[in-house]
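K.L.:
With the input below, show me the fold.
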Amino acid sequence: MHKFNRILLVDHDAQLCLMLRSLLENRGYRVAVSSGGVEAHRILREHQIELLVADNGFRSTAGLELADYARTLRIPTMLMSAEFDGEEKLATGLHPYILKPFRASEFTDKVQAVLEGSNVVGRSHDSDPVA
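P.N.:
Prediction:
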(Lines give C-alpha, C1' and ligand atoms only; values in the text may rest on other atoms or scores of the structure.)
Protein backbone atom coordinates (compact mmCIF):
# COMPACT_ATOMS: atom_id res chain seq x y z
CA MET A 1 0.00 0.00 0.00
CA HIS A 2 1.24 3.50 -0.76
CA LYS A 3 0.05 5.18 2.43
CA PHE A 4 2.63 7.37 4.13
CA ASN A 5 5.31 7.14 1.45
CA ARG A 6 7.49 10.24 1.56
CA ILE A 7 7.77 12.01 -1.78
CA LEU A 8 9.96 14.97 -2.70
CA LEU A 9 8.41 17.10 -5.44
CA VAL A 10 10.81 19.48 -7.23
CA ASP A 11 9.56 22.07 -9.72
CA HIS A 12 10.02 25.82 -10.18
CA ASP A 13 6.27 26.25 -10.79
CA ALA A 14 4.88 26.94 -7.31
CA GLN A 15 1.25 26.63 -8.42
CA LEU A 16 1.87 23.22 -9.98
CA CYS A 17 3.70 22.10 -6.83
CA LEU A 18 0.75 23.10 -4.65
CA MET A 19 -1.69 21.28 -6.88
CA LEU A 20 0.40 18.09 -7.11
CA ARG A 21 1.15 18.17 -3.39
CA SER A 22 -2.56 18.38 -2.60
CA LEU A 23 -3.33 15.60 -5.07
CA LEU A 24 -0.72 13.30 -3.50
CA GLU A 25 -1.59 14.17 0.10
CA ASN A 26 -5.26 13.43 -0.61
CA ARG A 27 -4.13 9.93 -1.60
CA GLY A 28 -2.20 9.38 1.62
CA TYR A 29 1.33 10.36 0.61
CA ARG A 30 3.54 12.67 2.66
CA VAL A 31 5.02 15.32 0.35
CA ALA A 32 7.93 17.73 0.66
CA VAL A 33 8.28 20.45 -1.98
CA SER A 34 11.39 22.17 -3.26
CA SER A 35 11.86 24.73 -6.01
CA GLY A 36 15.57 24.22 -6.54
CA GLY A 37 18.49 21.86 -6.65
CA VAL A 38 20.50 22.87 -3.56
CA GLU A 39 17.49 22.56 -1.28
CA ALA A 40 16.40 19.34 -3.01
CA HIS A 41 19.86 17.80 -2.51
CA ARG A 42 19.68 18.67 1.19
CA ILE A 43 16.21 17.17 1.59
CA LEU A 44 17.28 13.98 -0.18
CA ARG A 45 20.33 13.70 2.10
CA GLU A 46 18.65 14.56 5.40
CA HIS A 47 15.18 12.99 5.13
CA GLN A 48 13.83 9.53 4.41
CA ILE A 49 12.50 10.24 0.93
CA GLU A 50 11.06 7.24 -0.90
CA LEU A 51 10.43 8.89 -4.28
CA LEU A 52 11.77 11.97 -6.07
CA VAL A 53 9.43 13.59 -8.60
CA ALA A 54 11.38 16.31 -10.42
CA ASP A 55 10.81 18.61 -13.34
CA ASN A 56 13.54 17.93 -15.87
CA GLY A 57 13.69 21.60 -16.85
CA PHE A 58 13.88 23.33 -13.47
CA ARG A 59 16.41 26.14 -13.19
CA SER A 60 19.15 25.75 -10.57
CA THR A 61 20.05 22.09 -11.10
CA ALA A 62 19.06 19.92 -14.04
CA GLY A 63 16.45 17.30 -13.25
CA LEU A 64 18.65 14.54 -14.65
CA GLU A 65 21.51 15.57 -12.35
CA LEU A 66 19.21 15.52 -9.34
CA ALA A 67 17.75 12.17 -10.46
CA ASP A 68 21.24 10.73 -10.76
CA TYR A 69 22.08 11.98 -7.28
CA ALA A 70 18.90 10.38 -5.91
CA ARG A 71 19.88 7.13 -7.60
CA THR A 72 23.20 7.13 -5.66
CA LEU A 73 21.03 7.24 -2.51
CA ARG A 74 18.85 4.41 -3.91
CA ILE A 75 15.83 6.71 -4.17
CA PRO A 76 13.61 6.04 -7.20
CA THR A 77 12.84 9.01 -9.42
CA MET A 78 10.14 10.08 -11.83
CA LEU A 79 10.92 13.02 -14.11
CA MET A 80 8.34 15.46 -15.47
CA SER A 81 8.86 17.57 -18.57
CA ALA A 82 6.90 19.58 -21.09
CA GLU A 83 8.90 17.88 -23.83
CA PHE A 84 11.50 15.18 -24.28
CA ASP A 85 13.57 14.89 -27.41
CA GLY A 86 15.03 11.59 -28.58
CA GLU A 87 18.46 12.14 -27.00
CA GLU A 88 16.92 13.16 -23.70
CA LYS A 89 14.77 10.01 -23.69
CA LEU A 90 17.92 7.91 -23.98
CA ALA A 91 19.54 9.82 -21.13
CA THR A 92 16.51 9.23 -18.91
CA GLY A 93 16.35 5.52 -19.65
CA LEU A 94 17.05 4.83 -15.99
CA HIS A 95 14.28 7.15 -14.81
CA PRO A 96 10.55 6.86 -15.47
CA TYR A 97 9.05 10.08 -16.81
CA ILE A 98 5.75 11.75 -17.49
CA LEU A 99 5.11 14.40 -20.12
CA LYS A 100 3.24 17.58 -19.30
CA PRO A 101 0.36 18.14 -19.64
CA PHE A 102 -0.93 15.09 -17.81
CA ARG A 103 -4.15 14.08 -16.08
CA ALA A 104 -4.32 13.78 -12.29
CA SER A 105 -5.09 10.06 -12.47
CA GLU A 106 -2.20 9.47 -14.87
CA PHE A 107 0.19 11.24 -12.50
CA THR A 108 -0.93 9.39 -9.38
CA ASP A 109 -0.97 6.04 -11.21
CA LYS A 110 2.63 6.55 -12.32
CA VAL A 111 3.73 7.65 -8.85
CA GLN A 112 2.21 4.51 -7.40
CA ALA A 113 3.76 2.32 -10.12
CA VAL A 114 7.24 3.76 -9.51
CA LEU A 115 6.88 3.26 -5.75
CA GLU A 116 5.84 -0.34 -6.42
CA GLY A 117 8.92 -0.88 -8.57
CA SER A 118 7.48 -0.59 -12.07
CA ASN A 119 9.43 1.46 -14.60
CA VAL A 120 6.39 3.11 -16.22
CA VAL A 121 7.39 5.66 -18.86
CA GLY A 122 5.73 8.00 -21.31
CA ARG A 123 2.19 9.30 -21.26
CA SER A 124 -1.24 8.57 -22.51
CA HIS A 125 -3.01 10.98 -24.82
CA ASP A 126 -6.23 11.44 -22.85
CA SER A 127 -7.90 14.80 -22.34
CA ASP A 128 -8.32 17.03 -19.28
CA PRO A 129 -4.69 17.68 -18.36
CA VAL A 130 -3.84 19.12 -14.94
CA ALA A 131 -0.24 20.06 -15.64
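K.L.:
ok, I75 to L66 distance?
P.N.:
I75 sits 10 Å away from L66, taking Cβ to Cβ, to the nearest Å as the criterion. All C-beta atoms are positioned from the backbone trio N, CA, C, and that covers glycine.
K.L.:
between those two, who's got more neighbours?
P.N.:
L66 (26 against 17; other Cβ atoms under 10 Å).
K.L.:
sorry, back to before: pull up the overlap in contacts between I75 and L66.
P.N.:
44, 52 (Cβ atoms under 8 Å, 6 or more residues apart in numbering).
K.L.:
is it true that S81 touches D55?
P.N.:
Yes. Using Cβ atoms under 8 Å, S81 makes contact with D55 at a distance of 6.7 Å.
K.L.:
Next, show the common contact partners of those two.
P.N.:
By Cβ under 8 Å, 6+ apart, the residues touching both S81 and D55 are G63.
K.L.:
Which one's more surrounded, those two?
P.N.:
D55 (23 against 18).
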